Structure formats: C-alpha cells, structure tokens
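K.L.:
Build me a model:
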Amino acid sequence: MINITKPTLLLNKEQCMANITQMYEKARKSNVRFRPHFKTHNSAYIGNWFRKLGIHSITVSSTAMARYFAAYGWRDITIAFPVNPLELGVISELSNEVTLNIQGDNADLLPLLENVISHQTGFFVEIDTGHHRTGLSWKDHSEIDRMMDWFGKSTRLKFRGFLTHSGHTYHADSREEIMGIYNDTVSKMNYLKEKYLEHFPELIISIGDTPSCSLVDDFSDVDEIRPGNFVFFDLMQYSLGACTLDQVAVALACPVIGKYAHRNEIVIHGGAIHLSKDFLYKSSGERIYGYVVKISDKEWSMPVPGAYLTSLSQEHGIIRANREFIDKIRPGDVVGVLPVHSCLTANLMKGYLTLEGEAIGY
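P.N.:
You can find the predicted model right below:
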C-alpha cells in the first residue's frame, strides 16, 4: 500500500485518462473544437495527457495560469475570466508569447486594451444566458452593438465570438433540467451568431460547463466546448447525474487521528484547507463534505454505506459511520474521502500521488 503520513490527494490515472478520452471523442464526433479548461487539474504533467490526443488549445482562469502553461509550451490559450484592468500589462506580455484570447463584457474597456497590447489578441464577448454571474445579457443588443462597432475598427483586438458559462446547470434538480438549460443556452447563443455572422464570418460560439458537456452527446450546434471538471469529476457532478461514482478520479487520503465509538465518529487529519467547505445535503438535511472510501493497494473502494464526512474545521474532519465500520478503524489507519468539489480540492492540495506511487506536482 502507498505510504501515507498526511492528507494526500490520490489520483487514479487510468480513470482520469478515460474521462479525458471520453470527452475528446464526443467533441471529435461532433466536429467541434475541444478547448479543455485546465483550472481543475492545473498541472503541466496532466496537461501532457491531453497533448497525446493532439489537443493544443486550452482554457485557463487567470493570467498567472496562462503564464504557467505558456512556460510549458502551450501556445493557444483562452483566459476565460473577465479582463482585469489592473493586468493589462500582463495581458500585453502574454499576447507577445502565445496566441491569446481574452474575454469581457464592457465596451469601455476596449480602448484601454487597444492602447496597451502590442500584438493582435482574440476577444470573446461574454454572454449571460441565465447564470447571472458575469456577461452581457443575450438580449442587451445595444451594448453588444457598441462592442461590435469597436471590433469593426480595431487593429489589435480580433473578435473571436461569443462565450458563455452556463453555471446554473450546477443548481439543476435533474438531468432533464440540465439538458433544458443546454438547449436554451445554445438557442440564445446561436441567435447572436446569426445576428452578427454577416459582419464577422469567422465568429464562433463557445460553451463550457461540465454538467451539460457530460450529458450532451451531439455538440453540432456549437463551435467549441470548454469543460474542465470532467477530468476528475466529483460528488457534485455525481449528484447532478453527470458522472458515476467510479468515474471520480481523485480521493483525499487522510490519516485517522481519533476514534469516538460512543458517538459513532472518527476524526481524520483532513479539513477545510484540504477539501474546501463545499458540501451537499443528505435527504435529512445534514451536510455532507465527502463520501468515505477504503484505500487498499492501488485502488479505493466504492463509498462505504452510511459513512460520511459531516464536519470540517481547518485541519480536522469528522466522519460519522455505522458501528461496524467504526469498530474496524484504529488511529493510524488511512481512509479516503471523495471530494464534493475536486477543482477546489486540487487547488488546495497543489499536487497528486498516483495509485502507482508517482508524485505529480503543479
């Protein structure tokens, strides 16, 4: 068994590669560009697994992440995060190094960019199709027109198309609702594409959320997909019906540091600084911060029935389980936790240990 002495994020490389291949094949069959979001794994090493499939275009969520992957030879990068006016200098530097796409929803920002960047940079207009986080409403034609007018005159900013993240799929109650959100999103985005295609014949529409990209089989109504979480999946995706439990490719291995049989609980070294505080609800209304799995040589089990991570502090986690499971556990044992949100867990842990014992850093 792998030697574990502290919270360690285990990676099932075989399952991770299967998840990557499955999404790649769906995009290939639909003849759309697959521009995976690398914020979930944020690892140059894992990025190479995508390269082996011939993928050369990626999405990131910050200028820092763009710099990191540019240093490892990625040359076609979209920063799927609104332009920060305080980072215009960094954006200009990146545009000298890579084929860069940025995004925004503010026409007043465009002249600033035009004056700062020295190389042509792609620009996606971010559209809000229902998530209500950032982006212009798809119905805000006057503001979209202002941006289109600027792109028509710009020499440094090249309008790439319309981009959206349908994050409201994460609040859906069923697979059918997710599919409905996807269809509604595609309809709104294609309306804009048709409206502006005559003046910008190369424009594309780009979508990105993992729940819809996991459930949809045919992407022929869009031009590009940018999912990210699918590389690992997690309990949130499982709860949405976007994956099965055996597709979850990461588990946090945690040493047991306390046993309290009288209350059917064990305490682990594994807290909010390792897992985040994202949670799901049991039917009883109790919060769940992770499912518990048994770790053995080069694998982990399916979740232990009735065993849940029910409380987190900074370094501690409390697992509640049935007495049969509790009786078999001793301080010094190691148990696994399937995370609710793998993106945050990976970001907090800053590295992985494969089931074969290979350490992978950021």
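
K.L.:
For the protein, just list every one of the helices.
P.N.:
13-30, 44-51, 63-71, 88-97, 109-116, 141-153, 175-196, 210-215, 235-240, 272-275, 323-327, 342-349 (DSSP state H).

K.L.:
Next, the residues that contact the second one from outside, please.
P.N.:
So that's helix 44-51. Helix 44-51 is contacted by residues 16-17, 20, 24, 36, 38, 41, 58, 68-69, 72, 74, 231, 352, 360-362 when judged by Cβ atoms under 8 Å, 6 or more residues apart in numbering. Bear in mind the C-beta positions are built from the backbone N, C-alpha and C, glycine included.

K.L.:
Can you say which of the residues you listed are buried?
P.N.:
Of the members of the contacts of helix 44-51, the ones counted as buried by neighbours, 16 or more other Cβ atoms under 10 Å, are 16-17, 20, 24, 36, 38, 41, 58, 68-69, 74, 231, 352, 360.

K.L.:
so which of those comes closest to residue 158?
P.N.:
Relative to residue 158, the closest of the buried ones among the contacts of helix 44-51 is residue 58; by Cβ to Cβ it sits at 18.5 Å.

K.L.:
quick revisit: out of the helices of the chain, deepest packed?
P.N.:
Neighbour counts averaged per stretch over the helices of the chain are highest for helix 210-215, at a mean of 25; criterion: mean count of other Cβ atoms under 10 Å.

K.L.:
what packs against that helix?
P.N.:
For helix 210-215, the helices and strands in contact under the criterion 3 or more Cβ pairs under 8 Å, 6 or more residues apart in numbering; DSSP states H and E are helix 13-30, helix 175-196, helix 235-240.

K.L.:
Go through the ones you listed and name the closest to residue 301.
P.N.:
helix 13-30 (13.9 Å).

K.L.:
how far is that closest one from where the chain is centred?
P.N.:
Relative to the mean C-alpha coordinate of its chain, helix 13-30 is positioned 15 Å out (Cα atoms, centre = their mean, to the nearest Å).

K.L.:
what's the angle from it to helix 44-51?
P.N.:
Regarding helix 13-30 and helix 44-51, their directions subtend 40 degrees when assessed with axes from the mean of the first three to the mean of the last three Cα atoms, to 10 degrees.

K.L.:
Contacts only, for the closest residue to residue 117 other than its chain neighbours.
P.N.:
Take residue 117 and drop its neighbours on the chain: the residue closest to it by Cβ to Cβ, 6 or more residues apart in numbering is residue 92, 4.6 Å away. If you count contacts by Cβ under 8 Å, 6+ apart, residue 92 has them with 116, 117, 118, 119.

K.L.:
circling back to that earlier point, relative to residue 259, which of the helices of the chain is closest?
P.N.:
Nearest of these to residue 259, taken as Cβ to Cβ: helix 323-327 at 7.0 Å.

K.L.:
then that closest one to CSV, C-alphas only?
P.N.:
Extracted as CSV, the C-alpha positions of helix 323-327 are listed here (Å, rounded to 0.1, in the frame of the first residue of the first chain):
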residue,chain,number,x,y,z
ARG,A,323,-20.7,0.9,14.4
GLU,A,324,-19.5,-2.0,12.2
PHE,A,325,-17.2,0.4,10.3
ILE,A,326,-16.1,2.3,13.4
ASP,A,327,-15.1,-0.9,15.2
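
K.L.:
List the contacts of it.
P.N.:
Identification of contacts with helix 323-327 by Cβ under 8 Å, 6+ apart yields 259, 261, 264, 265, 266, 304, 306, 307.

K.L.:
Can you name the residues bridging to the first one?
P.N.:
According to DSSP bridges, the partner residues bridging residue 259 are residue 266.

K.L.:
Would you agree it is in contact with residue 332?
P.N.:
No - with contact defined as Cβ atoms under 8 Å, residue 259 does not reach residue 332; the gap is 10.1 Å.

K.L.:
So the two - more neighbours on which side?
P.N.:
residue 259 (15 against 8; other Cβ atoms under 10 Å).

K.L.:
need the contact list for the more buried one.
P.N.:
Counting by Cβ under 8 Å, 6+ apart, residue 259 has contacts 266, 267, 326, 329, 330, 331.

K.L.:
go again using 10 Å as the cut-off
P.N.:
For residue 259, the contact set (Cβ atoms under 10 Å, 6 or more residues apart in numbering) comprises 265, 266, 267, 326, 327, 329, 330, 331, 333.

K.L.:
now residue 269
P.N.:
With contacts defined as Cβ under 10 Å, 6+ apart, residue 269 is in contact with 5, 6, 7, 254, 255, 256, 257, 258, 315, 316, 317, 334.

K.L.:
Compute the distance from the centre of stretch 175-193 to the centre of its chain.
P.N.:
In terms of Cα atoms, centre = their mean, the gap separating the centre of stretch 175-193 from the centre of its chain is 20 Å.

K.L.:
send the alpha carbons of it over as PDB?
P.N.:
Listed next in PDB are the C-alpha coordinates belonging to stretch 175-193 (Å, rounded to 0.1, in the frame of the first residue of the first chain):
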ATOM      1  CA  ARG A 175     -30.600  15.600 -15.900                       C
ATOM      2  CA  GLU A 176     -33.700  16.800 -17.900                       C
ATOM      3  CA  GLU A 177     -33.300  20.300 -16.400                       C
ATOM      4  CA  ILE A 178     -29.600  20.300 -17.300                       C
ATOM      5  CA  MET A 179     -30.500  19.400 -20.900                       C
ATOM      6  CA  GLY A 180     -33.100  22.100 -20.900                       C
ATOM      7  CA  ILE A 181     -30.500  24.700 -19.800                       C
ATOM      8  CA  TYR A 182     -28.100  23.500 -22.500                       C
ATOM      9  CA  ASN A 183     -30.800  23.700 -25.300                       C
ATOM     10  CA  ASP A 184     -31.800  27.200 -24.100                       C
ATOM     11  CA  THR A 185     -28.200  28.300 -24.000                       C
ATOM     12  CA  VAL A 186     -27.500  27.100 -27.500                       C
ATOM     13  CA  SER A 187     -30.600  28.700 -28.800                       C
ATOM     14  CA  LYS A 188     -29.600  32.100 -27.300                       C
ATOM     15  CA  MET A 189     -26.000  31.900 -28.500                       C
ATOM     16  CA  ASN A 190     -27.000  30.900 -32.000                       C
ATOM     17  CA  TYR A 191     -29.400  33.800 -32.200                       C
ATOM     18  CA  LEU A 192     -26.400  36.100 -31.600                       C
ATOM     19  CA  LYS A 193     -24.200  34.200 -34.000                       C
END
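
K.L.:
Thank you kindly, that will do.
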